[in-house]
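Novice: Here's my sequence, what's the structure:
(one chain, ligands or ions: 1)
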Amino acid sequence: MASAASLLLPFPSHFSIGTRKFHNDAAFISPLRKRRLQIRASVTATAPRGLKLSEPEPLLPEIQPADPDFYRIGYMRNMRAYGVEFMEGPDGFGVYASRDVEPLRRARVIMEIPLELMLTISQKKPWMFFPDVIPIGHPIFDIINSTDPETEEDFRLACLLLYGLDVQGHFWQSYGDFLPGTDQCTNLLLASKDDLVELQDPDLSLRIEQHQKRAVEFWEKHWYPAAPLKIRRLARDPERFLWAVSIAQSRAVSMKIRLGALVQNTNLLVPYADMLNHSFQPNCFLHWRFKDRMLEVMINAGQHIKEGDEMTLSYLDGAMNNVLMERYGFSSPVNPWDVIKFSSPAKIHLDTFLSVFNISGLEDNYHHNYKVSSEEDRSFVDGAVIAAARTLPTWSEKDVPIIPSRERKAARELQEECHKILGEFPTTSQQDQLVLDTDASISKTRETAIKYRMHRKLLLEKIIEALDVYQDRLFF
Ligand SMILES: C[S@@+](CC[C@H](N)C(=O)[O-])C[C@H]1O[C@@H](n2cnc3c(N)ncnc32)[C@H](O)[C@@H]1O
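Specialist: Residues are numbered from 1 along each chain as shown. You can find the predicted model right below:
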């Protein structure tokens, strides 16, 4: 496992993360160094015979404009990581603290990734790439240029990624070994029809099929048999393109970045930072440091971090599980934003429900006040109980006291509706768990689909439990 000290990347030798291998076959040479070596080689080759070292000669006989490549390459800097390690955990690879961090008044940097290592493209025309990896006239640019500015940002990034992976010696050729392969990707673009049935959510499954169709049509349009070889070899089959789009969708970030006087909304694939998993209570955030064009991963101000804690970001605020599934291919049993549509007219009293579980704040910002909760409550109240507070039908009228018997009746009716919804699924959460526990050869996308349907059931079961607790505590 790479230690934090060895993370002065791009290429520490034999850097491998878990099962994903990193082939570091050739020592990395930065473009600037390569260019210098070329100049040195050509000077040596053309040096007059008998030139003595003691007679210094100007390298070039007269002043000449620098090779245009010199401006294009910029300079290569390293990624730096402070106090974190990349490790394989339950949600694929993730970033973990390698030491305790005391809460600080100001946010603290844990990773710095220079622009040169990223794949980025502006969100609006004219398309600006930073760094400018695509040579003028390369047909991949025409494909990117043909994309719809509003709806096809994932295709643009996918093309850029496929191009970067194909360029000999490009940073992404090596970093590509860190990315999940087609068999490790959870994004449902790569799911089979049978996997989609496993979601037990026909609406979501239909939307994914539409996304798959849209991506395959794009591939067919541009990767036709007579397309230039330069293009064909980037994605010889639609699966390769679907994989690239999956990577773009599940790993890209959108940010307003400032480069000199230019401020642009940009989509970025940021190596190393793209190993951060999502949390509904993230301890980190991303910040663009414009003065030296670095993306910083920072720990929130006031955040206490213990060695071994996972460092996380919030990918999408307020997203329900179906939205997370559509873009990232994961769901959570404790997503505080998940919603169950109740049709029953029964309602429970909002303030009482909140106070039973020590939940405070406004609906779009509920949080559990664990400091005033008992030990038992601390382990019971999670994101699913917060989701219950948000999703259960409630009433609230100032100064109108609750009538416990009515509250209990409403709670029971809502529980019955939860049971009814649970009964409509073809399998139970226990059966889903059993499949996950016993099918050793299950594909990643099928596993993701089964987890999704199980998470929905676990939420319903947690709401039933929370309503039990609510009824028990009404009298106190
Ligand atoms: C930006 S990448 C994070 C790094 C990733 N875990 C890896 O192995 O490379 C996003 C992917 O990580 C996984 N992921 C991130 N957060 C997750 C979470 N909270 N629960 C489950 N999977 C998660 C999903 O597969 C998602 O598509």
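
Novice: hey, let's count contacts and neighbours off CA atoms from now on
Specialist: OK.

Novice: residues of stretch 380-395 that come out buried?
Specialist: Neighbour counts using 16 or more other CA atoms under 10 Å place 381-394 of stretch 380-395 among the buried residues.

Novice: who touches that stretch?
Specialist: 333-342, 346-350, 353-354, 357, 359, 363, 366-368, 459, 462-463, 466 (CA atoms under 8 Å, 6 or more residues apart in numbering).

Novice: wait, residue 325 sits on residue 189?
Specialist: No. Here residue 325 does not reach residue 189: they are 10.3 Å apart, not a contact under CA atoms under 8 Å.

Novice: who has more neighbours, these two?
Specialist: Neighbour count, other CA atoms under 10 Å: between residue 325 and residue 189, residue 189 has more, with 27 against 22.

Novice: what's near enough to touch the more buried one?
Specialist: If a contact means CA under 8 Å, 6+ apart, then residue 189 has 208, 209, 211, 212, 242, 243, 246 as its contacts.

Novice: In helices, which of those residues appear?
Specialist: 208, 209, 211, 212, 242, 243, 246 (DSSP state H).

Novice: How many neighbouring residues does the second one have?
Specialist: When you say that, I think you mean residue 209. 18.

Novice: State the phi and psi torsions of residue 105.
Specialist: Main-chain torsions, residue 105, degrees, to the nearest 10: phi -70, psi -30.

Novice: Next to the ligand in this structure, residues from the stretch 201-350 of the chain, please.
Specialist: 250, 251, 274, 275, 276, 277, 278, 279, 328, 329, 330 (CA under 6 Å from any ligand atom).

Novice: run the last query once more with 5 Å
Specialist: Applying CA under 5 Å from any ligand atom, we find that the stretch 201-350 of the chain lies next to the ligand at 250, 251, 274, 275, 276, 277, 278, 328, 330.

Novice: Three-state assignment for the residue nearest to the fourth one when sequence neighbours are not counted, please.
Specialist: Translated: residue 275. In this structure, residue 275 finds its nearest non-sequential neighbour in residue 94, 5.3 Å apart by CA to CA, 6 or more residues apart in numbering. What DSSP: H, G, I helix; E, B strand; the rest coil gives for residue 94 is strand.

Novice: Verify the contact between residue 149 and residue 124 for me.
Specialist: Yes. Between residue 149 and residue 124 there is a contact under CA under 8 Å: 6.1 Å.

Novice: Identify the farthest-apart pair in the contacts of residue 189.
Specialist: Longest distance between any two of the contacts of residue 189 is 14.8 Å, between 209 and 243; criterion CA to CA.

Novice: how many neighbours does residue 359 have?
Specialist: Residue 359 sits with 21 neighbouring residues when counted by other CA under 10 Å.

Novice: Likewise for residue 176?
Specialist: Burial of residue 176 is recorded as 19 neighbouring residues (other CA under 10 Å).

Novice: Does it touch residue 165 like I think?
Specialist: Yes. Applying CA under 8 Å, one finds residue 176 in contact with residue 165, separated by 6.7 Å.

Novice: The residue lying closest to residue 280 once chain neighbours are set aside: what's it in contact with?
Specialist: Nearest residue to residue 280, sequence neighbours excluded (CA to CA, 6+ apart): residue 314, at 6.0 Å. By CA under 8 Å, 6+ apart, residue 314 lies in contact with 278, 279, 280, 281, 282, 285.

Novice: Please produce TSV containing those residues, extended by distance to residue 444.
Specialist: TSV is the format used below for the contacts of residue 314 (distance: CA to CA, whole Å):
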residue	distance to residue 444
278	18
279	20
280	23
281	25
282	25
285	28
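
Novice: now, which of the residues you listed lie within strands?
Specialist: 278, 285 (DSSP state E).

Novice: Helices - which of the residues of the stretch 201-350 of the chain next to the ligand land there?
Specialist: Those of these lying in helices (DSSP H): 250, 251.

Novice: Out of the residues of the stretch 201-350 of the chain next to the ligand, flag the one nearest to residue 172.
Specialist: Closest to residue 172, out of all of those and judged by CA to CA, is residue 274, at 13.0 Å.

Novice: Tally up the residues packed near the nearest residue to residue 251 once chain neighbours are set aside, please.
Specialist: Distances taken as CA to CA, 6+ apart place residue 274 nearest to residue 251, at 5.5 Å, with adjacent residues excluded. Residues near residue 274, counting by other CA under 10 Å, number 19.

Novice: I'd like the distance between residue 397 and residue 348.
Specialist: Per CA to CA, to the nearest Å, residue 397 is found 12 Å from residue 348.

Novice: sorry, that was for residue 471
Specialist: Shown here: residue 471 relative to residue 348, a distance of 10 Å by CA to CA.

Novice: With neighbour numbers in mind, choose between those two.
Specialist: Shown here are residue 471 and residue 348; by other CA under 10 Å, residue 348 has more neighbours (23 against 20).

Novice: what's the spacing between the residue nearest to that one when sequence neighbours are not counted and the ligand?
Specialist: In this structure, residue 348 finds its nearest non-sequential neighbour in residue 394, 4.7 Å apart by CA to CA, 6+ apart. Using CA to the nearest ligand atom, to the nearest Å, one gets 29 Å for the distance from residue 394 to the ligand.
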